[in-house]
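K.L.:
Whatever this is, show me its structure:
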Amino acid sequence: MFNIVLVNPRIAQNTGSIGRMCYNAGFKLHIIKPIVFDLDEKRVRRAGLDYWQKLKPVIWQSLDLFLEENLRYKDRFFFASTKGERAYFDFEFKVNDFLFFGSESFGLPPELMALNKENIIKIPMKAYGRSLNLATSVGIISYEALRQNYAFFSLENLI
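P.N.:
Here you go, the predicted structure:
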């Protein structure tokens, strides 16, 4: 299982879509507050369909609390950022890795990415583009991690 970590997401529909993807891929979703919407909002449920209730995301009250519990895994923290220098497909992902994604407006906090500067990853795109949709970015990187570890996941559980 991979850990998808959303740090202060700001768009309910993206969070719902990401939850739907996590449920269907067998990933654990961590959501770090503060967030600007209610997780019970209709927009989250609509994007997440009936998967949202089955997903059981882990909700953290703050980044500090998340790190207090998980910092021992920092060697397996990967940070998606437009500031990264290496493309996501140049990294080797392992089961149980933490894939971090920042808010749609602000990205990830620099002090968080400083915990493992070697693992700042980017999705290649044209120079004139600022960024991709958060749900799209999570899907791209998550499914690369899944592809690399496909043997670990039972074909029966994925199809």
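K.L.:
rest of the way, CA atoms for contacts and neighbours
P.N.:
OK.
K.L.:
Can you verify my assumption that E85 contacts K122?
P.N.:
Yes - look at E85 against K122 with CA atoms under 8 Å: they come within range, at 6.7 Å.
K.L.:
which of the two has more neighbours?
P.N.:
Between E85 and K122, K122 has the larger neighbour count (other CA atoms under 10 Å), namely 20 against 14.
K.L.:
so what's the more buried one scoring on pLDDT?
P.N.:
We have a pLDDT of 95 for K122.
K.L.:
now S105
P.N.:
Predicted confidence (pLDDT) at S105: the value is 87.
K.L.:
tally of neighbours for the closest residue to it other than its chain neighbours?
P.N.:
Using CA to CA, 6 or more residues apart in numbering and skipping the chain neighbours, the partner closest in space to S105 is R10 (7.5 Å). With neighbours defined by other CA under 10 Å, the count for R10 comes to 19.
K.L.:
Likewise for G26?
P.N.:
Residues within reach of G26, counting by other CA under 10 Å, total 17.
K.L.:
Give me the pLDDT for it.
P.N.:
At G26, the pLDDT value in this model is 91.
K.L.:
same deal with G48?
P.N.:
pLDDT, read off for G48, is 49.
K.L.:
Show me where this structure has its helices.
P.N.:
Assigned by DSSP state H, the chain shows helices spanning 12-25, 42-48, 51-55, 63-70, 110-113, 134-148, 155-158.
K.L.:
Please produce TSV containing the ones you listed, extended by distance to S81 and mean neighbour count.
P.N.:
Below are those laid out as TSV (distance: least, CA to CA, whole Å; neighbours: other CA atoms under 10 Å):
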stretch	distance to S81	mean neighbour count
helix 12-25	17	22
helix 42-48	24	19
helix 51-55	26	17
helix 63-70	17	13
helix 110-113	9	13
helix 134-148	10	18
helix 155-158	28	8
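K.L.:
right, and those - which one's nearest L99?
P.N.:
Shortest distance between L99 and those, using CA to CA, is found for helix 134-148: 7.7 Å.
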